[in-house]
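coordinates only, sequence not included:
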């Protein structure tokens, strides 16, 4: 029995039955010592790829199956999905191998359906070159939804907001695998030293796109056992996320508040910019997540973070006007990080956005009260959706006249083609910037 594919099948079933996130399921399943590095990489590819392209795969299966998908057991459907993903989207796997191994899985886990699996996959394999996505249906949203495996309601929203060409580029980019970014801990080392250190480990490290402390790693997917990581010289963080601390522009000796801080990536980055001098209050509503902030700070040698369990929706009157700078990395839909967590798009519902915007507005308003006159307020999300981004900021500024948008001058010469930075906002898109989808706004309290 093919252990890698059997493990991938187990992961897919667990993801569906428990509504679990792929990355967490894989983290648990890939710990087995019987799996080598190549197996782990292949399993990850199968699971992420199948989850990400699930809607497209199901549409293809439905073209070849007389049995409706909802009448096929989850186990059999998962085997079919794995097979179709390999046939249609993995060039390095021969069609015969994809079919044969899927039939073997069926014989072991769904014996009565092995003939059904064999027939469907052989037919798809033979007809793979002729398979076409739906077209001329009268619904662009439906066609793009099937082609790029994305919920139709979100495609409709983005078509309305961005237009067809831009939306299609976003959808296409969200099917790609993201670069693996790390942040160099400037309290302990330099990018040049890390590049040299990792090179000796057989890992290629390339400069990031915007920031000196950002590096893109090649030939690696897990750095948790590297000395550079365990000894706190590097940490995993996408470059888009790093820009939030850069735009906050923290200074040594200041009092900073990170109001939704867990797991502490941005918080520790802020501390590095402050050269470990000053004070950072780091809040999160969940105790176990606050512990993550503390653990990250300890590993990186950061001494100025004060993690605390607090609800950002509950005002703390005695802290009004006490902080030089406040960062709000707001809870959001996560549409900008779908490349890393493809399950996000299947978990989202149309009604989520209204609830999220209401939450974001309340947190932003509360956070603004802690900014001292002349201080800076930065708002960020890992969402691509303007409802959670520019719309939230524009509504806030309209209602809170003691805050004004402040041009993001700190990125001059770094992010050249972003005209909106002059207005205090930054949008990052995977297909344009090579980072996660991200939004950052900078405001100043003028009184």
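Happy to help now that I have it. The shown structure was predicted, so the numbers you read here are calculated from the model rather than taken from an experiment.

Show me what the helix-or-strand element of the chain with minimal mean pLDDT is packed against.
Lowest mean confidence among the helices and strands of the chain (mean pLDDT, DSSP states H and E): helix 22-29, at a mean of 90. Helix 22-29 is packed against helix 3-18, helix 37-52, with contacts defined by 3 or more CB pairs under 8 Å, 6 or more residues apart in numbering; DSSP states H and E. Glycine gets a C-beta too; all of them are placed from N, C-alpha and C.

Could I get the buried residue list for the first one?
So that's helix 3-18. Neighbour counts over helix 3-18 (16 or more other CB atoms under 10 Å) mark 4-16 as buried.

residues in contact with the least confident helix or strand of the chain?
7, 10-11, 14-15, 18, 43-44, 47-48, 51, 340-343 (CB atoms under 8 Å, 6 or more residues apart in numbering).

So which bits of it are buried?
Neighbour-count burial for helix 22-29 [16+ other CB under 10 Å]: 22, 25-26, 29.

And the helices and strands packed on helix 22-29: which comes nearest residue 139?
Counting by CB to CB, residue 139 lies closest to helix 37-52 out of the helices and strands packed on helix 22-29; the figure is 22.1 Å.

rewinding a little: so which of the buried residues of helix 22-29 comes closest to residue 229?
The closest of the buried residues of helix 22-29, once distances to residue 229 are taken by CB to CB, is residue 26, at 18.8 Å.

Tell me the spacing between the closest one and residue 338.
16 Å (CB to CB, to the nearest Å).

try residue 243
Counting by CB to CB, the gap from residue 243 to residue 338 is 19 Å.

Ok, residue 318 next?
From residue 318 to residue 338 the distance is 40 Å (CB to CB).

Compare those two (neighbour count), which wins?
Set residue 318 next to residue 338 and count neighbours by other CB atoms under 10 Å: residue 338 wins out with 28 against 6.

quick one: pLDDT of that one?
Residue 338 carries a pLDDT value of 96.

how about the nearest residue to it, chain neighbours excluded?
Distance criterion CB to CB, 6 or more residues apart in numbering; nearest residue to residue 338, sequence neighbours excluded, is residue 174 at 4.7 Å.

Residue 339 is in contact with the one you found, correct?
Yes - the pair formed by residue 174 and residue 339 meets the contact definition of CB atoms under 8 Å, at 5.7 Å.

Who has more neighbours out of those two?
Set residue 174 next to residue 339 and count neighbours by other CB under 10 Å: residue 174 wins out with 25 against 20.

pLDDT (mean, whole number) over stretch 103-117?
Here the average pLDDT along stretch 103-117 is 93.

Buried residues of it, list them for me.
103-107, 109-110, 113-114, 116-117.

so how far is the first residue of it from its last?
With CA to CA, to the nearest Å applied, stretch 103-117 spans 6 Å between its terminal residues.

Distance from it to the middle of the chain?
Taking CA atoms, centre = their mean, to the nearest Å, one finds the center of stretch 103-117 at 35 Å from the center of the full chain.

what does that stretch contact?
1-2, 5-6, 9, 67, 73, 75-76, 79-80, 82-83, 102, 118, 121.

can you tell me which of these lies nearest to residue 141?
After measuring the contacts of stretch 103-117 against residue 141 - CB to CB - the closest member comes out as residue 80, at 25.9 Å.

So what does that closest one have for phi and psi?
phi -60, psi -40 (degrees, to the nearest 10).

Spatially, what comes nearest to it if we skip its sequence neighbours?
Closest to residue 80 by CB to CB, 6+ apart is residue 61, at 5.5 Å.

residues contacting residue 269?
Per CB under 8 Å, 6+ apart, neighbours of residue 269: 183, 237, 242, 245.

let's see it at 7 Å
183, 242, 245 (CB atoms under 7 Å, 6 or more residues apart in numbering).

Neighbours of the second one, how many?
Neighbours of residue 242 under the rule other CB under 10 Å: 22.

Look at it and report its pLDDT.
The predicted local confidence for residue 242 is 97.

What does the nearest residue to residue 347 once chain neighbours are set aside show for phi and psi?
Using CB to CB, 6+ apart and skipping the chain neighbours, the partner closest in space to residue 347 is residue 19 (7.2 Å). Per-residue torsions, residue 19: phi 50, psi 40 (degrees, to the nearest 10).
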